[in-house]
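Chemist: Got a predicted structure here, sequence first:
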Amino acid sequence: MTKWFAYILLASVCLLLSCGGKSVREKFAEADRLVNENNLDSAAWLLEEQITLSALSDSDKAEYGRRLAWLHLLQGRSLVNDSLIDYSVDYYKEHASEPLLSAYFVKAIYMGDSRKGLEQRRALYREAIDSAYSRSDSTYLVRFYDRLTSLSFGEGLYRETIAESKEWEASPKAGFKEMAYYMAGTRRIIIFVWLRTRPWLRISNGMPIILPVIMRISCMTLIPRLLSDICVC
């Protein structure tokens with residue numbers, strides 16, 4: 001145990017000495033490397049203990065907020081206190097910077113953790129979709145449409161869910177159309193059954209008992225088909 005403690009202490013001292021004379025951008029690059037190596041605790045120590053927020057330029061502050069919130073997300077920590085991501089998004093929007101879409105993605109999760117209002121969260125996804133569309137980024141279009149429709153569906157906004165699903169299907173840049181078709185189709189089935197049968201359904205913990213059954217059936221039938229489409233040789 002003593003030997004392992006000595007190794008850890010030595011590694012910490014080496015990391016401290018190696019970071020002492022580095023610029024902020026070099027520390028960002030080092031933190032990125034540590035994250036890529038899944039050394040999240042060391043990356044957190046570097047960002048939280050070795051960088052002084054008040055000394056950062058505006059651009060570095062935006063980069064810092066995005067990196068720190070993303071790191072906390074990877075660590076499974078609550079993003080409630082990561083309000084600096086708001087600054088990052090605003091900065092990237094003003095300067096049309098490349099990291100804007102990833103900042104939107106993290107901010108959306110932050111807003112969920114901090115219990116922001118439903119309409120605020122839906123508006124953020126709308127902003128993010130518009131930005132991803134203007135950049136022709138199919139990856140983030142899929143992510144944002146998926147999260148928007150999931151949010152609407154989870155909040156019982158069924159008409160909005162169907163409208164957003166149709167919009168996703170019709171988007172020429174949304175990419176991976178099969179996912180949109182499957183997800184939208186599954187939700188429509190659930191919504192249709194719920195609206196048609198709700199007067200006779202028994203409620204358990206606020207949810208109609210039939211919904212989990214339909215969801216399970218949908219997953220059993222749709223996921224294998226989706227995987228078979230993905231894995232075509």
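Modeler: Sure thing, it's come through.
Chemist: going forward, measure contacts between C-alpha atoms and count neighbours the same way
Modeler: Will do.
Chemist: Output the below-cut-off pLDDT ranges for this protein.
Modeler: Within the chain, the segments meeting pLDDT under 70 span 1-21, 176-233.
Chemist: Could I get the full set of strands for this protein?
Modeler: Taking DSSP state E as the test, the strands found in the chain are 203-204, 207-208.
Chemist: Who are the contact partners of the closest residue to G112 other than its chain neighbours?
Modeler: Using CA to CA, 6 or more residues apart in numbering and skipping residues adjacent in sequence, the residue nearest G112 is R121, 7.6 Å away. Counting by CA atoms under 8 Å, 6 or more residues apart in numbering, R121 touches 108, 111-112.
Chemist: Against A62, how distant is R121?
Modeler: R121 is 21 Å from A62, where distance means CA to CA, to the nearest Å.
Chemist: What of A174?
Modeler: 28 Å.
Chemist: And for A29?
Modeler: The value you get for A29 to A62, if CA to CA is used, is 15 Å.
Chemist: Just give me the neighbour total for the residue nearest to Y145 when sequence neighbours are not counted.
Modeler: Distance criterion CA to CA, 6+ apart; nearest residue to Y145, sequence neighbours excluded, is W168 at 6.5 Å. Here the number of neighbours of W168 (other CA atoms under 10 Å) works out to 24.
Chemist: Surely W168 and A174 touch.
Modeler: Yes: counting by CA atoms under 8 Å, A174 is a contact partner of W168 at 6.6 Å.
Chemist: check contacts around the nearest residue to L100 once chain neighbours are set aside.
Modeler: Counting by CA to CA, 6+ apart, the nearest residue to L100 once its immediate chain neighbours are dropped is Y92, at 5.3 Å. Contact partners of Y92, counting by CA under 8 Å, 6+ apart, are 62, 98-100.
Chemist: give me that answer again for 10 Å
Modeler: Residues near Y92 by CA atoms under 10 Å, 6 or more residues apart in numbering: 59, 62-63, 98-101, 103-104.
Chemist: For this structure, which segments count as helices?
Modeler: 2-20, 24-36, 40-49, 58-74, 84-95, 100-113, 118-134, 138-154, 158-170, 177-197, 210-230 (DSSP state H).
Chemist: Please tell me how far W45 sits from V106.
Modeler: Distance from W45 to V106, by CA to CA: 20 Å.
Chemist: ok, now Y140?
Modeler: 12 Å.
Chemist: likewise R66?
Modeler: 8 Å.
Chemist: Counting neighbours around each, name which of those two comes out higher.
Modeler: R66 (25 against 21).
Chemist: you'd agree that one is up against L100?
Modeler: Yes: counting by CA atoms under 10 Å, R66 touches L100, with 9.4 Å between them.
Chemist: Neighbours of the closest residue in space to S78 that isn't next to it in sequence, how many?
Modeler: Using CA to CA, 6+ apart and skipping residues adjacent in sequence, the residue nearest S78 is D113, 6.6 Å away. Residues near D113, counting by other CA under 10 Å, number 14.
Chemist: next one: R143
Modeler: R143: 16 neighbours (other CA under 10 Å).
Chemist: contacting residues for it?
Modeler: R143 neighbours (CA under 10 Å, 6+ apart): 105, 125, 128-129, 132, 174.
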